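Asker: Here's a sequence, model it:
(2 chains)
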Amino acid sequence: NAGVTQTPKFQVLKTGQSMTLQCAQDMNHNSMYWYRQDPGMGLRLIYYSASEGTTDKGEVPNGYNVSRLNKREFSLRLESAAPSQTSVYFCASSERTGVITGELFFGEGSRLTVL
Amino acid sequence: KNEVEQSPQNLTAQEGEFITINCSYSVGISALHWLQQHPGGGIVSLFMLSSGKKKHGRLIATINIQEKHSSLHITASHPRDSAVYICANSRYGSARQLTFGSGTQLTVLP
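Answerer: Numbering: from 1, shown residues only, chains lettered A, B, ... in the order given. Now for the predicted structure:
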């Protein structure tokens, strides 16, 4: 099993450019997440999707949009990139049973630099 | 506010030592996760627990719900255990959102 696959692994953008980070999981999980990781800070949730067709804002959603295309895929779009969005982005998936978020599976991360 | 504090922030040990990493949180939770982030950046899940103790190889995770505290222990540490260890919790009523600690950087010297 590939687990969680995200692309691209590295990207350099100029301020104002747009891009989409792609994520796909092959574990039939309902829940998918996009996080960003900045130096000295914990992972912060950007957006969350509990199931196909649903998305919810996380802690830091401003400047981002998401699409849960189907059960496998969850994409993150930066419409107009800003230097503050320079970060490492992680996609993750899990099952959820009742109120408990199950084991998390992460993609390898995407390092984005906005100049 | 759900706050997750890890200690120590940095830890250097000699190969073979017993290691403890602590995680404290401020609200009632439904589950606590321990994650390992490799030097290359990848993140893997080590444990998910809501009570008691779990063991996997040389790794042991414990949680005390009343004291709002969890520990990750590594027995007979090895240089390959060098990584960042992250705890995260999901609180009652907000299970969709995990709150992460900022991580503990562990370096095990040969």
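Asker: What strands line up against the strand or helix carrying B:A88, and which way round?
Answerer: If you go by DSSP states H and E, B:A88 is part of strand B:83-91. The pairing partners recorded for strand B:83-91 under DSSP bridges are strand B:29-37 (antiparallel), strand B:98-100 (antiparallel), strand B:104-109 (antiparallel).
Asker: mean confidence for that strand?
Answerer: The pLDDT scores in strand B:83-91 average 90.
Asker: can you check stretch B:7-18 too?
Answerer: For stretch B:7-18, the per-residue pLDDT averages 96.
Asker: ok, back up a step: so for the strand holding B:A88, what gets flagged as buried?
Answerer: Using 16 or more other CB atoms under 10 Å in any protein chain shown as the test for burial, strand B:83-91 gives B:83-91. Every C-beta, even on glycine, is put in place using the N, C-alpha and C of the backbone.
Asker: got the residues you listed as TSV, with distance to B:I60 columns?
Answerer: Below are the buried residues of strand B:83-91 laid out as TSV (distance: CB to CB, whole Å):
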residue	distance to B:I60
B:A83	16
B:V84	19
B:Y85	13
B:I86	17
B:C87	14
B:A88	18
B:N89	18
B:S90	21
B:R91	24
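Asker: Out of those, which comes closest to A:D56?
Answerer: B:S90 (14.3 Å; CB to CB).
Asker: Could you list which residues are in contact with the residue of chain A found nearest chain B?
Answerer: Shortest chain A-to-chain B distance, computed as CB to the nearest CB: residue-wise this is A:G42, at 3.4 Å. Applying CB atoms under 8 Å, 6 or more residues apart in numbering or on different chains to A:G42 gives the contacts B:4, B:86, B:88, B:99-103.
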